[in-house]
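K.L.:
Here is my input, please return the structure:
(4 chains)
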Number of protein chains: 2
Amino acid sequence: MLKLSKKVEYGLIAVKHIALEKPGETLTAKEISQKYEIPYELLSKILQKLAKEKIIASYQGSRGGYSLLVKPNELKLSNIIEAIEGPQYLTECMDNENCDCNKTDCCTIKNPLEKVQSNINEILNKLTLSEIM
Amino acid sequence: MLKLSKKVEYGLIAVKHIALEKPGETLTAKEISQKYEIPYELLSKILQKLAKEKIIASYQGSRGGYSLLVKPNELKLSNIIEAIEGPQYLTECMDNENCDCNKTDCCTIKNPLEKVQSNINEILNKLTLSEIM
DNA sequence: ATAAAATAGGACTAATTTAGTCGGATATAA
DNA sequence: TTATATCCGACTAAATTAGTCCTATTTTAT
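P.N.:
Purely as a prediction, here's the structure:
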């Protein structure tokens, strides 16, 4: 329920690993997947998503790979999570424009839960990659 | 991923509703399930769990039902969540004594994530039922 | 040129978790 | 003794998450 997905776990491990590399060096999905025993195809897709969001740089072709694009102390946990899993909401309705929770009296908790939501967001926006290294 | 389960949503709605009742009065699972269109059997089990953890009082038999046992400003969100879903951990390993993440170098993120974990715990321990009413 | 090694990405399957249902036991008030 | 509750285990269905397969494209080195 309040658990990170494997994808996010793998993504964090990978980003952390990439961040420890010398500047200018790249790492391949294969290398990382072998070192941490992460399924190669799965890790590949995660890295592709991180690349799409410009968190890491990707270099195609032979001798290609990935390197970090954002400074560890500027890379928020929320950026990584959102790149991999999209925006996160505590309830369905918070993610849904045509939610009628507020019109009807069926859902009395949506609005109050926004407090919890914003607290969690704050944590994930405040903590950076530096803090988990 | 970081979403509340339906059970917890239903539980929060129900506890909030029960809390609004006059002291001494009880509400039945049936009444609550009808008002909020929550599946009756599902809600029943949720209320049973809350009763087991002494969050609400249960009265069996005809004219039975439930009433609140803990004052709203003393009832933490974490209590409700834990009663319904058990203890929550951001990763598998945090819930697991014989996790070897720390012995091997396979999981480099478990320890750092404890920070995130304790921040989330803090929120859920701090917020009470009063805050969502 | 061509082969090798890498990323890119869609479609699919398997596994796990979450949501919901069913059936029966027990308790209590009228 | 009947009606109306809670209690609770076992089961099924639905949804989400995890993992796999296959093919295309890009780039470097020979």
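K.L.:
Residue A:10: neighbour count?
P.N.:
Close neighbours of residue A:10, defined as other CB atoms under 10 Å in any protein chain shown, add up to 23. Just so you know, the C-beta spots here come from the backbone N, C-alpha and C atoms, and that holds for glycine as well.
K.L.:
Buried residues of stretch A:58-71, list them for me.
P.N.:
Neighbour counts using 16 or more other CB atoms under 10 Å in any protein chain shown place A:58, A:65-68, A:70 of stretch A:58-71 among the buried residues.
K.L.:
Closest to DNA strand D out of the residues you listed?
P.N.:
residue A:58 (9.8 Å; CB to the nearest atom of the strand).
K.L.:
Please determine how far the closest one is located from residue A:50.
P.N.:
To residue A:50, residue A:58 is 9 Å away according to CB to CB, to the nearest Å.
K.L.:
Tell me the helix or strand right after the strand or helix carrying residue A:34.
P.N.:
Here residue A:34 is covered by helix A:29-36, with elements defined by DSSP states H and E. Later in the chain than helix A:29-36, the nearest helix or strand by DSSP H and E is helix A:40-52.
K.L.:
Could you check that following helix against chain B for contacts?
P.N.:
No. Applying CB under 8 Å from any CB of the partner chain, one finds helix A:40-52 separated from chain B by no less than 13.4 Å.
K.L.:
average model confidence for that helix?
P.N.:
The average pLDDT for helix A:40-52 rounds to 98.
K.L.:
if you look at the lengthiest helix in chain A, does any of it touch DNA strand C?
P.N.:
Secondary structure of chain A per DSSP state H: the longest helix is helix A:110-126. No. Remark: helix A:110-126 sits outside contact range of DNA strand C, by CB under 7 Å from any atom of the strand, the gap being at least 14.3 Å.
K.L.:
CA atoms only: put that helix into CSV for me.
P.N.:
The C-alpha trace of helix A:110-126 is given here as CSV (Å, rounded to 0.1, in the frame of the first residue of the first chain):
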residue,chain,number,x,y,z
LYS,A,110,-10.7,13.3,0.0
ASN,A,111,-10.2,16.8,1.0
PRO,A,112,-8.8,16.1,4.5
LEU,A,113,-6.4,13.6,2.9
GLU,A,114,-4.8,16.4,0.9
LYS,A,115,-2.9,17.3,4.0
VAL,A,116,-1.3,13.9,4.2
GLN,A,117,-0.6,14.1,0.5
SER,A,118,1.1,17.4,0.7
ASN,A,119,3.2,16.3,3.6
ILE,A,120,4.4,13.2,1.7
ASN,A,121,5.1,15.4,-1.4
GLU,A,122,7.1,17.7,0.7
ILE,A,123,9.3,14.9,2.0
LEU,A,124,9.9,13.5,-1.5
ASN,A,125,10.7,17.0,-2.9
LYS,A,126,13.1,17.8,-0.1
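K.L.:
helices or strands up against that helix?
P.N.:
Here helix A:110-126 touches helix A:77-85, helix B:110-126, going by 3 or more CB pairs under 8 Å, 6 or more residues apart in numbering or on different chains; DSSP states H and E.
K.L.:
Among the buried residues of stretch A:58-71, name the ones in helices.
P.N.:
Among the buried residues of stretch A:58-71, no member falls in helices (DSSP H).
K.L.:
Can you give me every residue that contacts the residue most central in space within chain A?
P.N.:
Centroid check for chain A by CA atoms, centre = their mean gives residue A:81 as the closest residue, at 2.1 Å. Counting by CB atoms under 8 Å, 6 or more residues apart in numbering or on different chains, residue A:81 touches A:4, A:8, A:88, A:124, B:1-2.
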